[in-house]
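Engineer: Based on what follows, work out the 3D shape:
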Amino acid sequence: MEKIKYGLIDKTGKTALPLIYDDIFNFSHGIIEVRSGNKHGYFDRQLKEILPLTEKYWINVLLDNINDRPIPVKNVKTERWGYIDWAGKEIIPCKYDMAFSFYDTDFAEVRMESFSKEKSGFIDKTGNEIIPCIYDRFDYISKLSEVGVCAKRNGKYGVIDKTGNVIIDIKYDDDIIPSKQMQVKLNGKYGLIDSVGNEILPCIYDCIRNHDGTNICVQLGGKWGMIDMETKQQIVPFLYEDIDRMDEGVISVILDGKWGMIDMETKQQIVPFLYEDINRMNEGIIAVKLDGKWGMINKETKKQIVPFLYENINNRITAGIISVKLDGKWGMIEIKNLQNIIPVKYDEIDRFYNGRAVVLLNGKYGYIDETGKEVIPCRYDEAKWFNFPAARVKLNGKYGFIDETGKNITPFKYDETYVGKKIEWTKSDGKYGFFDRAAKKEIVVPKYDNLGRAINSIDGFRNGMAQVILNGKHGYIDETGKEVIPCQYDAAKYFEGDFAVVGVLNSDLLDTIRKYEKMLEQNPSDHEARYKLAGSFHDMENYKKSYDTVRQLLDLSPNYSANAWALRAQNAFLLGMMNEYPFDTAFADGLYSCNRAFAMDNHCQNAGTALVNIWGHVKYRAEDVLKTEAGKNPDTEQAEKLVRLLRQMEKMPPVQHTITMLLEVGKLRMQLQMYLTFKI
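Structural biologist: Below you'll find the model as predicted:
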């Protein structure tokens, strides 16, 4: 029995596909999939039918680069892959173990099993084999038409062109990025070759980095130097423990544990090797650390311009001023005349946005302008930046919004808010609304019971629409706050392009829920009925009731099943996504539940799915935070929450579903910690 019947609506609320399907997978790559029973059907972006409902084929709608090209399909009966055209006709027989999308309209990777191992090759769009299935794998496939593709065979790497000719011998130890100049590794040493394999630098170096096409940093015998790419001559001797990037004709180097700087034009030392650390800044200023204290020197004159007094100096100059820390307090120095324009008295100073910076003094937040004047007094419990004309602040346990003068735009009435892009959601007395920070006005008074989940969207909006829930029914508002589609659906997903998936409840599901509730009334110890009730609530997309029900089951019987823990994890993720619970609290519970599931069954597929969902959204949020690090909207609070979640992920067991994730988690955590280190 299918629980909800799904269809599509457009942005006016008009039905675009009837609500008759068991599921619909909204498209992001040009194809939409509908399912009814065991049958799958497919439509294009204009809702033209590609394949009617059939049990014969299955299309992976998540594959990239499908648009206007032959479509990879799986024959469900034979489990073999081939290709159909956009009229649904099979144009390349289903004979492969795997088939991928076409690149640049001409080539597609296919795989065939050989001696129990899958081997990769390429076909053209008529099905002709252009590269036989003899390679272990291909990397950088998008470069095939332009330069070639990195090919791996018998554990070694090389480059082949689009006709299958080997242009770089398959002999190297690591993958190669096809380009005009390529870094390669041979017998554990690095070198450079050109696009046809001619040697530029021999494979004799321990490491190569900071290659700008003119000069290159290389390590030989544990020491770093530089080579001129045109003459192939050494221009910086192999003396140094490390070399930092070249910037404005200057490089930073370490000699005997101390940092100094070399002018690349004269090859002369311009900053002596005296310093414990060094940070280059703009406007000809260099921050250096000596005897545990930071000061500044002028790059041109080599003279000290700021004394070595400070515990920290921010390496970002904003509006000609820089933050400095002295005796645990922060102030600011104007670079032009080297005067303290902002007294060293604040516990924290954020960066400037639209002429305002958040400061913390004695546990309270306020704002200063670029002259150092405290234009909004330090009286708030929390304060966010003025990247839009309105900023969110917290006072006496409630949130509100103020303008650049400190005047209240709204009263302090919100229990929660979440900083999005231009629009952020608000919550008051359990109800949700929206505030537009650019327009400086509340566009929806808190009235909705919940918000829908929009993957990869913090504020809830996708394609100009946000999903809202009232009395258990789903609808949509636009960015003006107008409810353009009434709350009338039992289930809904975000808008993808011009369409959104919506669903209506199958009345049989209500009968099923009542049946299990009655069974539990008669026997509260019927764990199977409780588990099935939790599953029915989940099918109904009432994730709060599903979570509460399965959690109650696991409190009563912690070892009931791995899938019960997986269901709890799935619900926790969805509740975090829907802002029912703080995302970090919900995701942490989801990770804990995945751990419990894997402890009972390390191949638990449902737990793996929940983990992938949590990891995907944590990764998205982290990448969103890191994007802002370079100039807009720093969110240290969210970064700290994400670091805690990533630490929890690092403790996940190395089972089938976590191995790939674990390779990335630590790196992402370190990036966030670096972000937090240099947040001001």
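
Engineer: Give me the pLDDT value at the closest residue in space to L554 that isn't next to it in sequence.
Structural biologist: In this structure, L554 finds its nearest non-sequential neighbour in A564, 6.0 Å apart by CB to CB, 6 or more residues apart in numbering. C-beta: built from backbone N, CA, C; applies to glycine. At A564, the predicted lDDT confidence score is 95.

Engineer: How many residues are close by the closest residue in space to G430 that isn't next to it in sequence?
Structural biologist: Nearest residue to G430, sequence neighbours excluded (CB to CB, 6+ apart): D449, at 7.7 Å. Number of residues near D449 (other CB atoms under 10 Å) recorded here: 15.

Engineer: got a list of what the nearest residue to N506 once chain neighbours are set aside touches?
Structural biologist: Closest residue to N506 apart from its sequence neighbours, by CB to CB, 6+ apart: K3 at 5.4 Å. Each residue near K3 by CB atoms under 8 Å, 6 or more residues apart in numbering is listed here: 505-506, 508-509, 536, 539-540.

Engineer: pLDDT on stretch 142-155, on average?
Structural biologist: For stretch 142-155, mean pLDDT rounds to 81.

Engineer: First-to-last residue distance for it?
Structural biologist: 22 Å (CA to CA, to the nearest Å).

Engineer: Any regions of the stretch 401-550 of the chain where pLDDT drops low?
Structural biologist: For the stretch 401-550 of the chain, the stretches flagged by pLDDT under 70 are 419-421, 453-460.

Engineer: could you pull out the helices for it?
Structural biologist: Along the stretch 401-550 of the chain, counting by DSSP state H, counting those that start in this stretch, helices occupy 507-522, 527-539, 543-556.

Engineer: if we can go back for a sec, for the residue nearest to G430, give me its contacts.
Structural biologist: 430-432, 469-472.

Engineer: Distance of it relative to K441?
Structural biologist: Distance check for D449 against K441: by CB to CB, to the nearest Å, it reads 23 Å.

Engineer: next one: D347
Structural biologist: Taking CB to CB, one finds D347 at 32 Å from K441.

Engineer: Leaving out chain neighbours, which residue sits closest to C487?
Structural biologist: Counting by CB to CB, 6+ apart, the residue nearest C487 is G475, at 3.6 Å.

Engineer: doesn't Y489 make contact with that neighbour?
Structural biologist: Yes: assessed by CB atoms under 8 Å, G475 is found in contact with Y489 at 7.0 Å.

Engineer: Run through the bridge partners of the residue nearest to C487.
Structural biologist: Beta-bridge pairing for G475 (DSSP bridges): V468.

Engineer: Then Q183?
Structural biologist: In beta-bridge terms (that is, DSSP bridges), Q183 pairs with L192.

Engineer: try F122
Structural biologist: E109, I131.

Engineer: burial of V445, as a residue count?
Structural biologist: Residues within reach of V445, counting by other CB under 10 Å, total 13.

Engineer: nope, D68 is what I meant
Structural biologist: So D68, with other CB under 10 Å, has 10 neighbours.

Engineer: how close does it sit to D85?
Structural biologist: According to CB to CB, D68 and D85 sit 10 Å apart.

Engineer: What pLDDT does the model give the residue most central in space within the chain?
Structural biologist: The centroid of the chain falls nearest to Y620 when counting by CA atoms, centre = their mean (2.4 Å). pLDDT for Y620: 80.

Engineer: how about it, secondary structure?
Structural biologist: helix (DSSP: H, G, I helix; E, B strand; the rest coil).

Engineer: quick one on the thing from earlier: for the helix or strand containing the residue nearest to L554, give me every contacting residue.
Structural biologist: Following DSSP states H and E, one finds A564 within helix 562-577. With CB under 8 Å, 6+ apart as the test, helix 562-577 has contacts from 453, 455, 531, 534-535, 538, 543-544, 546-547, 550-551, 553-554, 581-587, 589-591, 593-594, 596-598, 600-601, 604, 606-607, 609-611, 613-614, 617.

Engineer: from the middle of its chain, how far away would that helix be?
Structural biologist: Put simply, helix 562-577 sits 21 Å off its chain's centre (CA atoms, centre = their mean, to the nearest Å).

Engineer: Just want the angle from it to helix 527-539.
Structural biologist: 30 degrees (axes from the mean of the first three to the mean of the last three CA atoms, to 10 degrees).

Engineer: Stretch 332-348 - what's its average pLDDT?
Structural biologist: Computed over stretch 332-348, the average pLDDT equals 80.

Engineer: and that stretch, how far apart are its ends?
Structural biologist: 11 Å.

Engineer: same deal with stretch 280-292?
Structural biologist: Using CA to CA, first and last residues of stretch 280-292 are 18 Å apart.

Engineer: cool, stretch 49-68 as well?
Structural biologist: 14 Å.

Engineer: Ok, stretch 374-385 next?
Structural biologist: Start-to-end span of stretch 374-385 (CA to CA) is 15 Å.

Engineer: Just the buried residues of it, please?
Structural biologist: The neighbour-count check on stretch 374-385 (16 or more other CB atoms under 10 Å) flags 376, 378, 380, 383-385 as buried.

Engineer: Likewise for stretch 299-310?
Structural biologist: 299, 306, 308, 310.

Engineer: how far does that stretch stretch from start to finish?
Structural biologist: End residues of stretch 299-310 are separated by 19 Å (CA to CA).

Engineer: Of the buried residues of stretch 299-310, which one scores lowest on pLDDT?
Structural biologist: Minimum pLDDT across the buried residues of stretch 299-310 falls on K299, with 77.

Engineer: in terms of contact, does that residue touch I278 like I think?
Structural biologist: No: using CB under 8 Å, K299 makes no contact with I278, being 11.2 Å away.

Engineer: okay, and the common contacts of the two?
Structural biologist: Common contact partners of K299 and I278 (CB under 8 Å, 6+ apart): 261, 271, 286.

Engineer: Name the spans of the stretch 201-350 of the chain whose pLDDT lies under the cut-off.
Structural biologist: Ranges of the stretch 201-350 of the chain meeting pLDDT under 70: 210-213, 245-248, 281-283, 315-319, 339-340.

Engineer: Report the buried members of the contacts of helix 562-577.
Structural biologist: Neighbour counting by 16+ other CB under 10 Å classes 453, 531, 534-535, 538, 543, 546-547, 550-551, 553-554, 581, 583-584, 586-587, 589-591, 593-594, 596-598, 600-601, 604, 606-607, 609-611, 613-614, 617 among these as buried.
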